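A.B. asks: Let's see this in three dimensions:
(one chain, ligands or ions: 2)
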Amino acid sequence: MPPSGSKTTPMMKQYFSIKERYPDTILFYRMGDFYEMFFEDAVVASKALEITLTSRNKNDNSPVPMCGVPYRAANGYIGKLIKGGFKVAVCDQVEDPALAKGLVKREVVRVITPGMVLEDTFLDESNNNFVLGVTRTKDQFALACLDISTGTFRVTESGNDRAVMEEALRISPSEVILPGTNQPDPFFDDIKAMFGETAITFLDERDFSYARSRQVLTEHFNTLTLEGFGCEHLKAAVSAAGGLMAYVRETQKQKLGHIDTIETYFLDSFLWLDDMSCRNLELLRNLRSDSRQGTLLSVLDKTLTPMGGRLIRQWLRYPLLNRQDIEARLDAVQEVSGDHTRRTDLRENLKSVYDLERLASKIGMGHCSARDFLALKQSLGQLPTILERLSLLSSPLFKGLDNITVLTDLADFIDAAIREDAPPTIHEGGMIKPGFNDQLDNLIRISRDGKGWLVQLEADEKTKTGISSLKVRYNKVFGYYIEVSKAQSKSVPAHYVRKQTLVNAERYITDELKNFENEIMGAEEKRASMERDIFNEIRSAIVERIPEIQRVAKFLARIDCLLSFAETAVMGGYCRPAINSDGRLYIEEGRHPVVEKMITGERFVPNSIHMDQEENQVIVITGPNMAGKSTVLRQVALLILMAQAGCPVPAAKADIPLTDRIFTRIGALDNLSAGQSTFMVEMEETANILNNATPNSLVILDEIGRGTSTFDGLSIAWAVAEYLHDLDGKGVKTLFATHYHELTELSKRKSRVKNFNIAVKEWNDEIIFLRKLVAGGTNRSYGIQVARLAGIPESVIKRSKLILYRIENEDHLAPNFSEGETKPEKGKGAAVQIELFQSPEKAILDKLKSLDVTRMTPLEALNVLDEICKQSQ
Ligand code: ADP
Ligand code: MG
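C.D. replies: Ligands and ions are numbered 1, 2, ... in the order given. Okay, here's the model as predicted:
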């Protein structure tokens with residue numbers, strides 16, 4: 001706002017009246033060739049953009065802070081501000097300054113926010129850019145998400161607020177729109193907290209009202225009801241979508257014709273994998289650097305088109321629950337896996353297909369150039385061949401475009417109209433091919449012929465006047481003129497009008513020359529504007545076909561993903577999983593798809609695992625650190641996810657139970673990179689699992705209880721495992737990796753618990769990791785051996801052996817050592833055993849009781865005795 005006392009010019013008044021309506025944006029105010037920013041905007045933007053902050057009315061008492069960017073380079077600066085989380089309102093001159101009486105009229109023509117971006121340079125090609133609208137009714141929670149750069153618009157609602165919050169995280173929006181209410185609401189508070197780093201905008205609550213929303217949407221789609229989109233009666237969902245649409249209209253100032261449908265979906269149609277688990281399993285981003293490297297996506301994504309890249313992400317993030325749908329994908333992948341040539345040929349075609357979704361949006365919203373038309377043409381040009389190659393395949397997923405034209409006519413139309421060498425802007429002409437428009441061709445002829453005419457004129461005048469130095473020239477000040485050297489200037493005819501005298505020459509104009517000039521100059525200008533008109537006509541013609549283009553885009557995205565799965569499967573030696581509904585999980589020789597690619601030096605050791613609802617429901621996996629426990633756990637989860645996404649899996653054989661939810665809890669120490677290694681978070685997540693797991697879920701608990709004292713941790717781990725085993729009287733399939741080998745005791749008490757361990761071999765006080773999952777528990781931690789492998793100095797290793805020995809033998813946890821002492825009295829190194837549930841004496845007694853000496857051979861008896869001796873040491 002203007003500092004009090006400052007003189008307010010008419011221009012500044014205009015500025016304030018516009019700025020007032022866009023308080024939370026940085027206002028780009030067009031002045032000539034620049035966009036200027038003032039006051040607080042200028043201070044903030046100059047810092048963010050690293051440009052100079054100056055001031056207007058420098059000599060005034062209260063100068064106005066100001067900075068500016070050149071109009072032609074504005075995009076780059078806007079992009080930088082958007083990336084920094086700002087919103088930018090672009091205010092242009094909406095009348096020709098030359099014709100304006102007084103102050104030029106200015107208006108905001110577009111508001112660019114992180115979620116309202118169309119320009120390729122601001123967008124990540126392989127990612128959707130969603131803006132999210134969230135609202136609620138009394139008992140329903142809803143969200144809608146829209147990517148204006150692709151036209152994707154989806155909506156859902158649920159009575160489960162947690163599920164909707166998880167869905168909001170899954171969508172991972174770059175901007176969030178909420179109804180601005182004054183009443184405290186825990187749901188909205190949680191959403192706000194969840195998106196603390198994301199741009200949030202509050203709209204008038206009324207924009208989210210059902211009645212208004214329904215009207216906004218039916219108006220937009222030009223329908224009577226929302227029946228056709230499946231959301232007519234989902235009040236909360238309609239409200240979320242309507243609120244979002246209101247926001248889009250307000251910022252874009254135009255109808256978004258390319259958004260021609262809204263997809264209603266339900267959360268329980270997809271496998272539920274919460275955001276934390278998605279990170280733990282490193283599906284899309286790795287835990288270390290948040291990048292794509294080392295993720296499941298990076299291994300599976302061999303797509304060749306941008307829309308395929310976005311779809312495969314969605315397939316991985318939304319694994320299916322419907323068996324037929326899964327089998328349909330697997331069928332298609334299998335069919336094309338078996339046909340190397342066809343696959344390679346099709347993939348070759350896809351390489352020439354551009355981002356059809358984003359092209360359609362850019363063309364639909366008028367942010368396009370002739371080059372976008374060429375990209376569209378080239379992409380559509382691939383279609384006939386692609387469809388022909390697909391026609392011999394039988395899977396239904398390869399069909400679906402048969403009923404619409406392959407848009408060849410549109411490609412031909414663009415081909416006839418647009419020059420291959422069209423420039424990247426639409427202002428200077430050079431876009432339209434000769435022969436496309438007679439009038440344009442005429443204009444072009446005039447300006448081209450004009451050049452010849454000038455040459456002729458020069459020759460003619462030379463002969464007529466006999467002046468050998470006569471030349472016809474052009475400059476910006478006079479336009480065309482005739483130049484004659486001083487020496488010969490006396491011979492010029494009377495009708496030459498002298499315009500300028502130079503040292504050595506005189507310059508003249510003639511009527512003939514000026515008439516010509518008017519014609520030719522007009523032609524150049526008319527040509528540019530006529531090309532722009534023709535360009536817009538072509539654009540309108542393409543806009544009519546956008547729904548078809550989008551269908552083609554969706555179809556090609558699907559083909560691209562199926563081919564990508566096939567390619568990965570063939571190259572990686574994957575197998576087609578069987579899918580069952582009886583809770584049986586059987587993986588034979590399974591591998592971790594990412595680890596098998598990442599390890600160097602070592603060969604990946606495949607592992608088999610069997611789980612069911614009857615005997616092998618809770619699997620407790622023990623083994624020293626670094627043995628491979630976490631790897632096996634994640635491997636099982638990933639294979640289920642892949643199978644339900646319709647992708648073959650890295651195994652010799654796999655039978656996968658339809659799984660509704662996968663929960664993972666990765667111990668605090670393993671998850672430091674997430675920056676939340678508190679015990680509280682661990683327990684909250686465990687609570688979430690216990691409250692939401694169903695008998696058809698898979699639970700992965702990796703080292704739970706690590707974040708607290710040993711005894712607490714062990715007790716919690718034990719109780720959690722029991723709870724999962726008993727859940728709903730049926731139990732949940734659970735994989736439990738732990739370094740508390742005491743947990744192996746659980747199998748004696750609970751019928752469906754089984755112990756496994758990852759085998760290691762001891763060799764000269766060192767261990768060799770065998771990486772094989774084998775039945776049975778272990779009772780050793782090998783912590784010190786692992787420490788040695790990690791390069792801990794030998795003196796520390798020796799010293800810790802001694803401490804360990806003392807703790808074990810003196811039975812208290814703070815042994816009193818003389819410093820520097822490193823030699824244990826006896827050469828033993830067993831791990832710390834916390835005998836919480838059984839004393840060693842009792843174990844030996846139990847063992848003795850169980851023996852039937854009459855049936856033992858002497859050798860067997862000796863072996864048992866040996867075992868007991870070891871145990872008692
Ligand atoms: P743990 O959870 O038991 O501490 P991890 O699962 O984290 O062990 O595995 C440690 C490392 O061992 C992995 O990073 C990987 O390099 C290697 N590894 C794990 N499983 C295998 C396997 N089956 N074959 C080969 N290497 C493996
Ligand atoms: Mg681990």
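
A.B. asks: can you list the residues of the protein near ligand 1?
C.D. replies: 595, 599, 602, 604-605, 607, 623, 625-631, 771 (CB under 6 Å from any ligand atom). C-beta coordinates here come from the backbone N, C-alpha and C atoms, glycine included.

A.B. asks: what sits up against the host helix or strand of residue 48?
C.D. replies: Residue 48 belongs to helix 39-49 when assigned by DSSP states H and E. Contacting residues not belonging to helix 39-49 are listed as 1, 19, 26-27, 36-37, 51-53, 64-67, 69, 77, 80-81, 84, 86 [CB atoms under 8 Å, 6 or more residues apart in numbering].

A.B. asks: partners of residue 498 in the sheet?
C.D. replies: residue 508 (DSSP bridges).

A.B. asks: And it, how far from ligand 1?
C.D. replies: 89 Å (CB to the nearest ligand atom, to the nearest Å).

A.B. asks: cool, residue 863 as well?
C.D. replies: 30 Å.

A.B. asks: same check, this time on residue 612
C.D. replies: With distances taken as CB to the nearest ligand atom, residue 612 is found 23 Å from ligand 1.

A.B. asks: for the closest residue to that residue other than its chain neighbours, what are its contacts?
C.D. replies: Excluding the flanking residues, the one nearest residue 612 by CB to CB, 6 or more residues apart in numbering is residue 584, at 5.1 Å. By CB under 8 Å, 6+ apart, the contact list for residue 584 reads 611-613, 655, 657.

A.B. asks: sorry, back to before: list the buried residues of the helix holding residue 48.
C.D. replies: Neighbour-count burial for helix 39-49, counted by 16 or more other CB atoms under 10 Å, picks out 39, 41-42, 44-46, 48-49.

A.B. asks: between these, which is closest to residue 740?
C.D. replies: Distance to residue 740 across those (CB to CB) is lowest for residue 48, with 51.0 Å.

A.B. asks: quick one on the thing from earlier: separate out the buried members of the residues of the chain next to ligand 1.
C.D. replies: Of the residues of the chain next to ligand 1, these count as buried by 16+ other CB under 10 Å: 595, 604-605, 607, 623, 625-631, 771.

A.B. asks: ok, back up a step: return the distance of the helix holding residue 48 from the chain's centre.
C.D. replies: 29 Å (CA atoms, centre = their mean, to the nearest Å).

A.B. asks: next one: stretch 480-491
C.D. replies: 69 Å.

A.B. asks: for stretch 724-738, same thing?
C.D. replies: Using CA atoms, centre = their mean, the offset of stretch 724-738 from its chain centre is 33 Å.

A.B. asks: Let's see stretch 715-735 as PDB, backbone CA atoms only.
C.D. replies: The C-alpha coordinates for stretch 715-735 follow below in PDB (Å, rounded to 0.1, in the frame of the first residue of the first chain):
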ATOM      1  CA  SER A 715       8.000 -56.100  25.000                       C
ATOM      2  CA  ILE A 716       6.300 -53.800  22.500                       C
ATOM      3  CA  ALA A 717       7.500 -55.900  19.600                       C
ATOM      4  CA  TRP A 718       6.300 -59.000  21.300                       C
ATOM      5  CA  ALA A 719       2.800 -57.600  22.000                       C
ATOM      6  CA  VAL A 720       2.500 -56.100  18.500                       C
ATOM      7  CA  ALA A 721       3.300 -59.500  16.900                       C
ATOM      8  CA  GLU A 722       0.800 -61.200  19.200                       C
ATOM      9  CA  TYR A 723      -1.900 -58.700  18.300                       C
ATOM     10  CA  LEU A 724      -1.400 -59.100  14.600                       C
ATOM     11  CA  HIS A 725      -1.500 -62.800  14.900                       C
ATOM     12  CA  ASP A 726      -4.800 -62.600  16.700                       C
ATOM     13  CA  LEU A 727      -6.400 -59.800  14.800                       C
ATOM     14  CA  ASP A 728     -10.100 -60.300  14.200                       C
ATOM     15  CA  GLY A 729      -9.600 -63.900  15.100                       C
ATOM     16  CA  LYS A 730      -7.900 -64.500  11.800                       C
ATOM     17  CA  GLY A 731      -4.600 -62.700  11.900                       C
ATOM     18  CA  VAL A 732      -2.700 -60.700   9.300                       C
ATOM     19  CA  LYS A 733       0.200 -61.800   7.200                       C
ATOM     20  CA  THR A 734       3.100 -60.300   8.900                       C
ATOM     21  CA  LEU A 735       6.800 -60.300   8.200                       C
END
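
A.B. asks: in the stretch 601-750 of the chain, which ranges drop under the pLDDT threshold?
C.D. replies: Applying pLDDT under 70 to the stretch 601-750 of the chain flags residues 667-678, 706-709.

A.B. asks: cutoff 50 now
C.D. replies: Counting by pLDDT under 50, the stretch 601-750 of the chain contains low-confidence residues at 668-669, 671-675.

A.B. asks: Which parts of it are helices?
C.D. replies: 629-645, 679-692, 710-726, 746-749 (DSSP state H, counting those that start in this stretch).

A.B. asks: Looking at these, which one is packed in the most?
C.D. replies: Highest mean neighbour count among these (mean count of other CB atoms under 10 Å): helix 629-645, with a mean of 25.

A.B. asks: quick one: the nearest residue to residue 779 once chain neighbours are set aside from ligand 1, how far?
C.D. replies: Using CB to CB, 6+ apart and skipping the chain neighbours, the partner closest in space to residue 779 is residue 741 (4.9 Å). Using CB to the nearest ligand atom, one obtains 13 Å as the distance from residue 741 to ligand 1.

A.B. asks: for residue 726, same thing?
C.D. replies: Distance of residue 726 to ligand 1, computed by CB to the nearest ligand atom: 27 Å.

A.B. asks: Can you pull the phi/psi pair for the spatially closest residue to that residue that is not a sequence neighbour?
C.D. replies: Distances taken as CB to CB, 6+ apart put residue 750 closest to residue 726, at 7.9 Å, once the chain neighbours are dropped. Backbone dihedrals for residue 750, given as degrees, to the nearest 10, come out at phi -120, psi 130.

A.B. asks: Residue 750 and residue 620, how far apart?
C.D. replies: Distance of residue 750 to residue 620, computed by CB to CB, to the nearest Å: 10 Å.
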